[in-house]
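>>> Quick one, structure for this:
(one chain, ligands or ions: 2)
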Amino acid sequence: MNLLTNSVKYFRKLVSEPAQVLIVTHYNPDGDAIGSSLALYHYLKLIGHKVNVLIPNDIPSFLKWMPESEQMAIYQTDTEAGNKLITGAEVIFCMDFNSTSRVKYFSDQLASASATKILIDHHLQPEKEFDLIISVTEVSSTSELLFALLDQAGLAGNISTEMAECLFVGMMTDTGSYSYACNRPETFLITARLIDAGINVEKIHQLVYDTYSESRMRLLGHCLGRRLKVLPEYSTAYIWLTKADLEKYEYQPGDTEGVVNYALSIENISLAALFTERDDRIRLSLRSKGDFSVNELARNHFNGGGHRNAAGADSFDSMDVTLQKFETLLQQYKPALKHNMVNPNNREFLYE
Ligand code: 5GP
Ligand code: MN
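Ligands and ions are numbered 1, 2, ... in the order given. Okay, the predicted model is just below:
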C-alpha cells in the first residue's frame with residue numbers, strides 16, 4: 001500500500017516538531033484501539049514529545065498488561081483531567097475510529113477542540129471532521145497502518161519492543177489471530193518486523209486469549225447452549241444476552257468479546273449477530289463472511305457501522321422488538337445471504 005506522499009510528509013512534520021500531543025481512541029476500546037494508541041504514545045515519548053493518551057472508558061482486563069496502559073487517562077472516571085487534556089492539546093491523533101461520535105463521552109469536546117486533528121483509521125466512510133485523514137480500509141488494523149505510515153515516513157528504523165508489542169496486539173486481535181482481514185503480504189511482512197523487534201508471539205497470544213475467568217467461560221457455555229438461534233434458510237445465526245444473563249455470569253467488560261465469532265463459525269452461516277442488553281439500549285455486534293456487508297446493515301437499519309465483515313450498532317427498542325426487526329430484515333437480505341454461501345465442493349470460491 002502506498003500512502004499519499006503529502007499525508008506522509010505532513011505526518012512526518014507533525015511528529016518531528018515538538019508539540020503538546022494527545023492520542024484518543026474509541027469507546028469500549030479493543031486491542032487495536034489500545035495497540036495503535038499506545039504504540040504511537042511509545043514512539044512519540046521515545047523521541048522526546050509531551051504526549052498523553054485519553055480513552056473514553058476503561059480497557060478490558062486482558063489488555064491491562066500492555067506496556068504503559070496504566071498511563072492512559074480515562075474520561076469516564078476522570079472527566080476534569082480529560083477536558084484539560086483536550087483543551088491543552090495542540091495536536092490530537094484520533095486512532096481507530098471514523099467519527100467523533102465514536103468517543104462517546106467527549107464527542108462534543110473533541111469536535112470543537114482547537115487542536116490539529118489527525119485521523120489514522122481503517123474503518124469505512126470516515127467523517128470529514130479531521131484536519132488530516134489517513135484512512136486505509138484494506139489494512140488489517142490501525143496498528144498495521146501506523147507501522148506503514150512510520151515506515152513510509154522513514155521513521156520505523158528504531159521500533160522498541162514495547163511499541164512492537166502494542167502494534168502486534170492490534171494486528172493479532174483485529175485479524176482474529178490472523179484468520180481474517182489478513183490476505184495481504186504486507187500484514188505478514190510487518191508482523192515479521194515486529195518479531196525482529198523482539199516480541200514474543202506465543203506469550204502475547206497467551207496474555208490476550210488464555211485469560212478467561214471461570215464465569216466468562218461459563219457465560220460462553222450459556223451463549224452456545226441456550227442463547228444461540230440458527231436460521232439456516234437465511235445462513236444466519238445469532239446469540240442474545242439479557243441483563244439477567246450478564247448478572248448471573250458476573251459479566252465484566254470484554255467478557256462477550258469474540259462470542260459472535262462462534263455463531264459465524266457454524267457451517268453455511270455467513271451472517272452472525274450478538275445482541276447484548278445494556279442499561280439503555282441493545283448493543284449489536286455483527287459479523288459476516290464474503291461479500292455480505294454488515295457495515296451497510298448496521299448503517300442502514302441500526303445507526304451503526306464498521307467494516308464490511310465486522311460492524312457494531314445500537315438499538316433503542318426492547319430485546320424482543322430488536323430481534324423481531326432483525327429477523328424481518330433477513331427476509332429482505334435473503335437473496336444476498338444465499339448468494340454468499342460457500343459451497344465446500346467448489347474450489348472457485350478460494351480465488352474470488
Ligand atoms: P464490535 O462488534 O467488535 O463492537 O465492532 C466491530 C467493528 O465495528 C469495530 O471495528 C468497531 O470499531 C466498529 N463499530 C462498532 N460499533 C460501531 C458503531 O456504533 N458505529 C460505527 N460506525 N462503528 C462501530
Ligand atoms: Mn481496528
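
>>> Can you list the residue ranges for helices in the stretch 101-250 of the chain?
Read by DSSP state H, counting those that start in this stretch, the stretch 101-250 of the chain holds these helices, from start to end of the chain: 107-112, 142-152, 161-174, 185-196, 201-209, 214-226, 243-248.

>>> residue ranges with poor pLDDT in the protein?
Counting by pLDDT under 70, the chain shows low-confidence ranges at 340-346, 352.

>>> coming back round to it: turn the helices of the stretch 101-250 of the chain into a markdown table, including distance to ligand 2.
Quick note: C-beta positions are derived from backbone N, CA and C, even for glycine. Compiled in a markdown table, the helices of the stretch 101-250 of the chain are given as follows (distance: least, Cβ to the ion, whole Å):
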| stretch | distance to ligand 2 |
| --- | --- |
| helix 107-112 | 18 |
| helix 142-152 | 5 |
| helix 161-174 | 5 |
| helix 185-196 | 13 |
| helix 201-209 | 15 |
| helix 214-226 | 22 |
| helix 243-248 | 25 |
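
>>> Can you give the domain ranges for the protein?
According to automatic domain parsing, the chain is divided into the following domains: 5-209, 214-339.

>>> Of all the helices of the stretch 101-250 of the chain, which one comes closest to S293?
Taking Cβ to Cβ as the measure, the helices of the stretch 101-250 of the chain were each checked against S293, and helix 161-174 came out nearest at 17.6 Å.

>>> give me every residue that touches D58.
With contacts defined as Cβ atoms under 8 Å, 6 or more residues apart in numbering, the neighbours of D58 are I74, Q76, T77, P253.

>>> Now do the phi/psi pair for it.
Recorded main-chain torsions at D58 are phi -70, psi 160, according to degrees, to the nearest 10.

>>> Select, out of the helices of the stretch 101-250 of the chain, the one closest to ligand 1.
Evaluated over the helices of the stretch 101-250 of the chain, closeness to ligand 1 peaks at helix 161-174, with 7.5 Å, by Cβ to the nearest ligand atom.

>>> The closest one and ligand 1, are they touching?
No. For helix 161-174 and ligand 1, the contact criterion (Cβ under 6 Å from any ligand atom) is not met; the two come no nearer than 7.5 Å.

>>> how far out from the middle of the chain is that helix?
Distance of helix 161-174 from the chain centroid (Cα atoms, centre = their mean, to the nearest Å) equals 13 Å.

>>> If you count contacts, what does it end up packed against?
helix 31-46, helix 142-152, helix 185-196, helix 201-209 (3 or more Cβ pairs under 8 Å, 6 or more residues apart in numbering; DSSP states H and E).

>>> Specify the beta-bridge partners of V24.
For V24, the residues forming beta bridges with it (DSSP bridges) are L54, C94.

>>> sorry, back to before: by neighbour count, which of the contacts of D58 wins?
Within these, neighbour counts (other Cβ atoms under 10 Å) peak at I74, which reaches 18 neighbours.

>>> just the domains of the chain: most buried one?
Here the criterion is mean neighbour count by mean count of other Cβ atoms under 10 Å, and of those the winner is domain 5-209, at a mean of 19.

>>> can you give me the offset of that one from its chain's centre?
Per Cα atoms, centre = their mean, the displacement of domain 5-209 from the mean C-alpha position of its chain is 11 Å.

>>> circling back to that earlier point, figure out which of the helices of the stretch 101-250 of the chain is closest to F97.
Checked against Cβ to Cβ, the stretch from the helices of the stretch 101-250 of the chain lying closest is helix 142-152, at 8.8 Å.

>>> how about the residues of the stretch 51-200 of the chain near ligand 2?
D96, S141, T142, D174 (Cβ under 5 Å from the ion).

>>> Make a markdown table out of the domains of the chain and add distance to R347.
Conversion of those to a markdown table gives the following (distance: least, Cβ to Cβ, whole Å):
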| stretch | distance to R347 |
| --- | --- |
| domain 5-209 | 16 |
| domain 214-339 | 15 |
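
>>> quick revisit: between the contacts of D58, which is nearest ligand 2?
Taking Cβ to the ion as the measure, ligand 2 lies nearest P253 of these, at 17.4 Å.

>>> Isn't that closest one up against P60?
Yes. Using Cβ atoms under 8 Å as the test, P253 is close enough to P60 to be in contact (5.1 Å).
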